[in-house]
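Trainee: show me the folded form of this:
(one chain, ligands or ions: 1)
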Amino acid sequence: MKILGVWDGHDAGACIVDEKSVLVAVNEERITRRKLEIGFPKHSILACLNYLKIKPSDISSVAATTTDFAKTLTRAFPHLKENYYYFRRRKTQMPNFVGLRKNFKHFLTEIPEVPLCRSVSEKLLRRDLDKLGFKDYKVSFVGHHEAHCAAASLCSGFKKSLVITLDGVGDGLSGSVNVYEKGSLERLSSIKARDSFGLFFEQVTDLLGMRELEDEGKVMALSNYAFPVSEEENKLIDFFKVDGLNVKSKYSTLQKYSLLKRILWNTPREELAYMAQATLEKHITQLFQNAINETGITDVCWSGGVASNIKVNLNIRTKTNIKNWFVFPHMGDGGLAVGAALYQSMLENGHKPMKLDNVYFGPDYSNTQIESAIKKSKLEYEKRNDAPELAGEIIGGGGILLWYQGRMELGPRALGNRSILAPANSLEVKDRLNLQIKKRNWFQPFCPSLLQEDAKLLFEEVDSFDKFMTMGYMVKQSMVDNMKSVINVDNSARPQMLGKENKKYRRLLTQVKKNTGYGVVLNTSYNLHGFPIVNSPEDAIDVFIKTGAEKAILGDYLVRNG
Ligand SMILES: [Fe+2]
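Mentor: Here you go, the predicted model:
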């Protein structure tokens, strides 16, 4: 039976699953073209139905998530979400009383579910679904952290697993430690909102002049450029204490914000980033080790926004007794629609853990549709039967290429279907990409895609192959020159290790290997900085023209700019 998953908060989205797999999933931002769109995901729901060529009446079960007080309030008054969207993205002039507004937001989000929230939320969700033509369906609300847990455990392939969630806050909690086995999740411990690692890192992001819930990765990247601070001198390290499976924050969320502000007053920005990053790494690694010790389970999966921090993940992987690991690729709240649907499928369909092989869950477009969009743009183009090999030649020859194929990826990473590709060994190309094409901060690193079979040649300690760019690996010293444009200053990288899940991309990388000796390229998402990854061919052409890049391959078509 098909189940529709719906997430109507930050990075809203929808998905449809059956008893075995995720059939289709997409986030609203890709369609409305507003990054991390917030609100009821009307367009995503329609896109999912359209992809499967089914009608709303074909869906009899809808799974949504999160019924805390703040979420219910914003369901009732959607303009609050819209105001917050502009405020968070700093798209408005700085409003009066910023501190007070932030304090109020933290206060609201820390209130857990109160009586009536669930029934009010259901009524409001039904109102929106009914408008789309849904009839005779049941609505189930899955807990926020249960949805994160289901996404991780049911996509990990592990029969029994330790499941850890860590995020900002949802349903009054910021994390949980659980065991999944035989179709049920047992909660071992919960982490309260006031003890949130995610909110702490959000606050640091905000105080460094960046956008909370969006630029945390930049803080992690910036931390690489600080002079190392010892643990004794780290002024943030005692903000948290991990005791067994419990996390305790020394200060309330509001106290942390004002303390961080005071510390920043006489601390260089990159040093604050370093101290915050080191604080996460130490305490979260400890929490994972404690959980492994207490349960004896070494197959571990995790999800929640904090799981996007690949340097924390690298620490967990290399400094605990973990044996097998899995990070859900759409780890933040954008993955909650999938999580809610899978959780409900576990209850209704007996959905068992599957090993996620790819996240090409979005819409796709035929060559006819692509050609029609190119014709409208009046760009010069030609049809090729050898698009992957041609792409490999262009990149192997030192060029930058916009590459658009097949079904769109779910989640924050482009994995070879909506990607901008370039050589992995050129600092010049890296600078050109950062400064002219993507217009990003100079300290943000790019990531590599590589053939899985080359992973052990290029990286230290490859225990398993990460297909989803969720894990940090250290590049071998002898290989640094081959990967100059895709490594951090500390020689770490966040690779996609491609297996057989994407044939065209594999052909492309194989051609690059023929040209350069290694099947590795720089892979960054096909978008302009601050905008979502492209979805339709029209989006792809629009971005191609705006970047000023010379060549793109869209489907089977080589397109030239200018
Ligand atoms: Fe979350």
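Trainee: of all the residues in this protein, which one is nearest the ion?
Mentor: For the chain, the residue closest to the ion is Asp167, as judged by CB to the ion, at 3.5 Å. C-betas here are computed from N, CA, C, even on glycine.
Trainee: you'd agree that residue is up against Ile191?
Mentor: No. Using CB atoms under 8 Å, Asp167 is not in contact with Ile191; the gap is 9.6 Å.
Trainee: returning to what we had before: quick check: the residue of the chain closest to the ion is in a helix.
Mentor: No. Asp167: not assigned to a helix; according to DSSP: H, G, I helix; E, B strand; the rest coil it is strand.
Trainee: any idea how this structure splits into domains?
Mentor: What automatic domain parsing lists as the domains of the chain is 3-147, 156-330, 367-560.
Trainee: can you redo those domains as CSV with mean neighbour count and mean pLDDT?
Mentor: Shown next, in CSV, are those (neighbours: other CB atoms under 10 Å; pLDDT from 0 to 100):
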stretch, mean neighbour count, mean pLDDT
domain 3-147, 19, 90
domain 156-330, 20, 95
domain 367-560, 20, 94
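Trainee: those: which one's closest to Ala340?
Mentor: Nearest to Ala340, of all those, is domain 3-147, at 4.1 Å by CB to CB.
Trainee: what do Asp167 and Ile191 both touch?
Mentor: Both Asp167 and Ile191 are contacted by Ser174, Gly175, under the criterion CB atoms under 8 Å, 6 or more residues apart in numbering.
Trainee: ok so, going back, show me the contacts for the residue lying closest to the residue of the chain closest to the ion once chain neighbours are set aside.
Mentor: Of all residues not flanking Asp167 in the chain, Gly304 sits nearest, at 3.5 Å (CB to CB, 6 or more residues apart in numbering). Shown in contact with Gly304 (CB under 8 Å, 6+ apart): His145, His148, Thr165, Leu166, Asp167, Gly175, Gly198, Met331, Gly332.
Trainee: the same query, at a cut-off of 10 Å, please.
Mentor: By CB atoms under 10 Å, 6 or more residues apart in numbering, the contact set of Gly304 is 144-145, 148-149, 151-152, 164-168, 170, 174-176, 197-198, 327-328, 331-333, 335-336.
Trainee: look up phi and psi at it.
Mentor: phi 100, psi 160 (degrees, to the nearest 10).
Trainee: circling back to that earlier point, looks like the residue of the chain closest to the ion contacts Phe328 (just checking).
Mentor: No. At 11.7 Å, Asp167 and Phe328 do not qualify as touching, with contact defined as CB atoms under 10 Å.
Trainee: what residues do the two have in common as contacts?
Mentor: Shared contacts of Asp167 and Phe328, counting by CB under 10 Å, 6+ apart, come down to His148, Ser303, Gly304, Ala307.
Trainee: in helices, which of those residues fall?
Mentor: Those of the shared contacts of Asp167 and Phe328 mapping onto helices are His148, per DSSP state H.
Trainee: any idea what Val327 is bridged to?
Mentor: Trp302 (DSSP bridges).
Trainee: how about residues contacting the helix or strand hosting Arg126?
Mentor: Assigned by DSSP states H and E, Arg126 belongs to helix 117-131. For helix 117-131, contacts defined as CB under 10 Å, 6+ apart pick out 4, 6, 8, 39-42, 45, 56, 59, 62, 64-76, 78, 111, 113, 134-135, 137-141, 171.
Trainee: which ones among those map onto helices?
Mentor: Those of the contacts of helix 117-131 lying in helices (DSSP H): Lys42, Ile45, Phe69, Ala70, Lys71, Thr72, Leu73, Thr74, Arg75, Ala76, Pro78.
Trainee: which residue ranges of the stretch 51-200 of the chain form strands?
Mentor: Per DSSP state E, counting those that start in this stretch, the stretch 51-200 of the chain carries strands over the ranges 61-65, 138-142, 160-170, 173-181, 184-192.
Trainee: okay, those strands in a markdown table with distance to Arg30 next?
Mentor: As requested, these are exported to a markdown table (distance: least, CB to CB, whole Å):
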| stretch | distance to Arg30 |
| --- | --- |
| strand 61-65 | 20 |
| strand 138-142 | 23 |
| strand 160-170 | 22 |
| strand 173-181 | 28 |
| strand 184-192 | 30 |
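Trainee: do you know which of these lies nearest Ala373?
Mentor: strand 61-65 (33.1 Å).
Trainee: partner strands of the closest one, with direction?
Mentor: Assessed with DSSP bridges, strand 61-65 is paired to strand 3-7 (parallel), strand 138-142 (parallel).
Trainee: Tyr381 is nearest to which of these?
Mentor: Nearest of the strands paired with strand 61-65 (CB to CB): strand 3-7, 37.6 Å.
Trainee: what are the neighbouring residues in contact with Glu443?
Mentor: No, residue 443 isn't Glu; it's Phe. Lys218, Ala221, Leu222, Ser223, Asn224, Tyr225, Glu270, Ala273, Asn434, Asn488, Val489.
Trainee: got the phi and psi for Arg262?
Mentor: Dihedral angles (degrees, to the nearest 10) for Arg262: phi -70, psi -40.
Trainee: ok, Leu213 touching Val306?
Mentor: No. Counting by CB under 10 Å, Val306 is not a contact partner of Leu213; they are 11.9 Å apart.
Trainee: any shared contact partners between these two?
Mentor: Gly168, Gly198, Gly332.
Trainee: who's in contact with the first one?
Mentor: It refers to Gly168. With CB under 10 Å, 6+ apart, Gly168 has these contacts: 10, 106, 109, 174-175, 193, 196-202, 212-213, 216, 304-306, 332-333.
Trainee: what about 8 Å?
Mentor: Per CB under 8 Å, 6+ apart, neighbours of Gly168: Thr109, Ser174, Ser196, Gly198, Leu199, Glu202, Leu213, Gly305.
Trainee: one more: the second one?
Mentor: For Gly198, the contacting residues are Leu166, Asp167, Gly168, Val169, Ser174, Gly304, Gly305, Val306, by CB under 8 Å, 6+ apart.
Trainee: nearest residue to the third one other than its sequence neighbours?
Mentor: Right, the one you point to is Gly168. Gly198 (3.7 Å).
Trainee: okay, that neighbour and Phe468: tell me how far apart.
Mentor: Computed as CB to CB, to the nearest Å, the Gly198 to Phe468 distance reads 20 Å.
Trainee: same question, Gly398
Mentor: If you go by CB to CB, the gap between Gly398 and Phe468 works out to 28 Å.
Trainee: Lys484 too?
Mentor: 24 Å.
Trainee: same question, Ser252
Mentor: From Ser252 to Phe468 the distance is 35 Å (CB to CB).
Trainee: before we move on, back to that, so which of the strands paired with strand 61-65 is nearest Asn27?
Mentor: Once the strands paired with strand 61-65 are compared by CB to CB, strand 3-7 is nearest, at 8.6 Å.
Trainee: could you give the angle of that closest one to helix 117-131?
Mentor: Here the directions of strand 3-7 and helix 117-131 differ by 110 degrees (axes from the mean of the first three to the mean of the last three CA atoms, to 10 degrees).
Trainee: what sits up against strand 3-7?
Mentor: 13-18, 25, 41, 45, 48, 59, 61-66, 125, 129, 333-334, 336-342, 344-345, 348-349.
Trainee: my guess is Leu410 contacts Val24. True?
Mentor: No. With contact defined as CB under 8 Å, Leu410 does not reach Val24; the gap is 9.2 Å.
Trainee: quick check: neighbours shared by those two?
Mentor: Contacts common to Leu410 and Val24, judged by CB under 8 Å, 6+ apart, are Cys15, Phe361, Gly362.
Trainee: can you give me the strands for the stretch 301-450 of the chain?
Mentor: According to DSSP E, counting those that start in this stretch, the strands that the stretch 301-450 of the chain contains are 324-327, 380-383, 401-404, 418-423, 447-451.
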